[in-house]
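Visitor: A structural model of the following input is requested.
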Amino acid sequence: MGTTPIFKIFKYALGDLWNPITESQLQANSIESAMKGMPAYVADATERDARFGTTPVDGSSCWRADKQWEERYFSIVSSSNPSGTAVAGWYPIAGNLPVYTGRDATSAITTVAGTNVFLPVSTVLRQKDITVRADNSLNIPVTGLYDISGSFYADQGNSQTRLYISGALSGVAKVLAIGSFVEGLCMGGLTGLYLKAGDSIGVSGVTSGAGNITTIYRTLSCRYVGPA
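Guide: Here you go, the predicted structure:
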């Protein structure tokens, strides 16, 4: 892949139909203005910042080659800027966005009654930028809105068995949602959850009743859905 030498925004591949078209031909055919409306093609955050500066114009956009996504700069939300974000900055809006999906269909995990321990999943089905911490929670890479869901089958439990979605938000531990409580299938989820880069989130099986809880067939999914 490459870019045109003047605008730095037109991607082309050697051998494709666009390769013979030069920028002078684009200008001669009045395509220059349309080209300038396309996202700039940058290699990484360093090249992006060099191109747009420390205070980009609201709505500036670029294609990050290292992340394989399109980013847009949002100013802080206000009465005069209702489409802004809580924190000004660059946010992914399209492309290969952060995601994690995993499952564990075989291994049984026993959790001691009264404890809240994140449950692991051994098989990663899809992963992009969201990493797994040592405690089995997920590390959030980009500030924004996320959908998260989880499930497990409580092979051993009681009527007080619950699925917790919890994590550390800005360093503070919080239980964000409580799923169905029943011995057997437990599931829960949240949509449009605001998380900051560096936050952690995960799923755990908890029981306040007597006896431990054993879980199998665990699933965990978390995906970035957009800026907030």
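
Visitor: can we go C-alpha only for contacts and neighbour counts from here?
Guide: Noted.

Visitor: hey, what's Tyr146 bridged with?
Guide: Judged by DSSP bridges, the bridge partners of Tyr146 are Leu193, Tyr224.

Visitor: wait, isn't it in contact with Thr191?
Guide: Yes: contact criterion CA atoms under 8 Å: Tyr146 and Thr191 qualify, at 6.4 Å.

Visitor: where does the chain dip in pLDDT?
Guide: 1-37, 156-160, 180-183, 208-210 (pLDDT under 70).

Visitor: now the helices: where do they sit in it?
Guide: 23-28, 32-36, 45-52 (DSSP state H).

Visitor: can you count the residues close to Gln68?
Guide: Using other CA atoms under 10 Å, Gln68 has 15 other residues around it.

Visitor: ok, the closest residue to it other than its chain neighbours - contacts?
Guide: Excluding the flanking residues, the one nearest Gln68 by CA to CA, 6 or more residues apart in numbering is Asn96, at 5.6 Å. By CA atoms under 8 Å, 6 or more residues apart in numbering, Asn96 lies in contact with 67-69, 128.

Visitor: pick out whichever of Tyr146 and Thr191 has more residues nearby.
Guide: Legend: neighbour count by other CA under 10 Å for Tyr146 and Thr191, higher for Tyr146 (23 against 13).

Visitor: what about stretch 149-168, start to end distance?
Guide: Start-to-end span of stretch 149-168 (CA to CA, to the nearest Å) is 16 Å.

Visitor: actually stretch 41-50, not the one I wrote
Guide: Its first and final residues considered, stretch 41-50 spans 12 Å by CA to CA.

Visitor: domain map for the protein?
Guide: Per automatic domain parsing, the structural domains of the chain span 39-95, 99-226.

Visitor: so how far is the first one off the chain centroid?
Guide: It refers to domain 39-95. Per CA atoms, centre = their mean, to the nearest Å, the displacement of domain 39-95 from the mean C-alpha position of its chain is 16 Å.
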